[in-house]
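Colleague: no sequence on this one, just coordinates:
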Ligand SMILES: O=C1O[C@H](COP(=O)(O)O)[C@@H](O)[C@H](O)[C@H]1O
């Protein structure tokens, strides 16, 4: 009998674990690969079901996507549906509004129709806003009990939060709502609405983007495990979909698990 390969847990090849951890030399080289990934999943979704549904996150992703997506040749967003993985409850003209930032920096540069953007109503109370956004999502996905997005793009804060799901917060245990209000966000602004894990983990593809040395310690904890309860980002485990972590070398500095290093021209 041939000897069986044995891998210590920290060296399990990432493809075998169903999660791909892909390291780029820098954020500048990660950006184009992310844009190609979005375009490839869009092409597939449009062929499969005539529409591409994309969940956007705020923070550092806004500028990366706003630079890279419009630079793609022949990008056609006329059949895209863009929603928000989380959103801050502030007016659209506030610098903290994720929708406001994408509207000015991205939507104005691509041919996504206004009807293809599912935004919150910031005039409502946080509770009503979450209910209203959940209703809009359900209307946009009439065939599904829980909306199944083709692609969710997520960020991760230095505390391990993703969407507006923060460590040790009761919302981590939410099982009924697809969108929940939060009025005590530890990161300002305090009032937000967020997709919950039941919806996030049904997506066909989830891509985390995490760059910079400040993310290195938490990335190690999320990807390689550690003491205590799993951080929110570690609880994103799509039940049937793909999971990518696209990171740069500074963020990967503390990792010992096996990763992919495809170089800058990567097509994922
Ligand atoms: O507050 C938020 O932070 C996270 C992480 O942002 P990043 O700038 O560290 O990438 C973001 O994903 C989320 O959408 C946002 O509301």
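Modeller: On my side now, so go ahead. Fair warning: this is a prediction, and the values are worked out from it, not measured in the lab.

Colleague: Assumed residue 243 was part of a strand.
Modeller: Yes - looking at residue 243 with DSSP: H, G, I helix; E, B strand; the rest coil, it is inside a strand.

Colleague: Run through the bridge partners of it.
Modeller: residue 19, residue 206 (DSSP bridges).

Colleague: go on, the one 5 residues further on?
Modeller: When bridges are taken as DSSP bridges, the partners of residue 248 come out as residue 24.

Colleague: Closest residue of the stretch 101-250 of the chain to the ligand?
Modeller: For the stretch 101-250 of the chain, the residue closest to the ligand is residue 155, as judged by Cβ to the nearest ligand atom, at 2.7 Å. All C-beta atoms are positioned from the backbone trio N, CA, C, and that covers glycine.

Colleague: My guess is that residue contacts residue 56. True?
Modeller: No - the criterion here is Cβ atoms under 8 Å, and residue 155 misses it with residue 56 at 10.0 Å.

Colleague: max-length helix in the chain?
Modeller: Determined from DSSP state H, the single longest helix within the chain is helix 27-49.

Colleague: Report all helices and strands that that one contacts.
Modeller: strand 19-24, strand 52-56, helix 61-68, strand 151-154, strand 205-210, strand 242-248 (3 or more Cβ pairs under 8 Å, 6 or more residues apart in numbering; DSSP states H and E).

Colleague: Those into a markdown table, with extra columns for mean pLDDT and mean neighbour count?
Modeller: As requested, the helices and strands packed on helix 27-49 are exported to a markdown table (pLDDT from 0 to 100; neighbours: other Cβ atoms under 10 Å):
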| stretch | mean pLDDT | mean neighbour count |
| --- | --- | --- |
| strand 19-24 | 96 | 20 |
| strand 52-56 | 98 | 24 |
| helix 61-68 | 98 | 19 |
| strand 151-154 | 98 | 26 |
| strand 205-210 | 98 | 24 |
| strand 242-248 | 98 | 23 |
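
Colleague: Let me have these in TSV, extended by distance to residue 45.
Modeller: What follows is the helices and strands packed on helix 27-49, written out as TSV (distance: least, Cβ to Cβ, whole Å):
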stretch	distance to residue 45
strand 19-24	19
strand 52-56	4
helix 61-68	17
strand 151-154	8
strand 205-210	9
strand 242-248	13
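
Colleague: Tell me which of those lies nearest to residue 121.
Modeller: Distance to residue 121, taken as Cβ to Cβ, is lowest for strand 52-56 among the helices and strands packed on helix 27-49, at 17.2 Å.

Colleague: related to what we said a few turns ago, now what about the longest helix of the chain, what contacts it?
Modeller: 22, 24, 51-54, 64-65, 67-69, 71-72, 75, 77, 79-80, 150-151, 153, 204-205, 207, 209, 211-212, 244, 246-248, 262-268 (Cβ atoms under 8 Å, 6 or more residues apart in numbering).

Colleague: Which single residue of the stretch 1-150 of the chain ends up nearest the ligand?
Modeller: Closest to the ligand within the stretch 1-150 of the chain is residue 59: 2.4 Å, counting by Cβ to the nearest ligand atom.

Colleague: That residue: neighbour count?
Modeller: 16 (other Cβ atoms under 10 Å).

Colleague: Could you do residue 240 as well?
Modeller: Residue 240 is flanked by 9 other residues according to other Cβ under 10 Å.

Colleague: if you average pLDDT over stretch 254-268, what comes out?
Modeller: The average pLDDT for stretch 254-268 rounds to 84.

Colleague: Quick check: closest non-adjacent residue to residue 113.
Modeller: residue 78 (6.6 Å; Cβ to Cβ, 6 or more residues apart in numbering).

Colleague: should've said residue 188
Modeller: residue 96 (7.6 Å).

Colleague: is the ligand contacted by stretch 119-128?
Modeller: No - judged by Cβ under 6 Å from any ligand atom, stretch 119-128 stays clear of the ligand, getting no closer than 12.2 Å.
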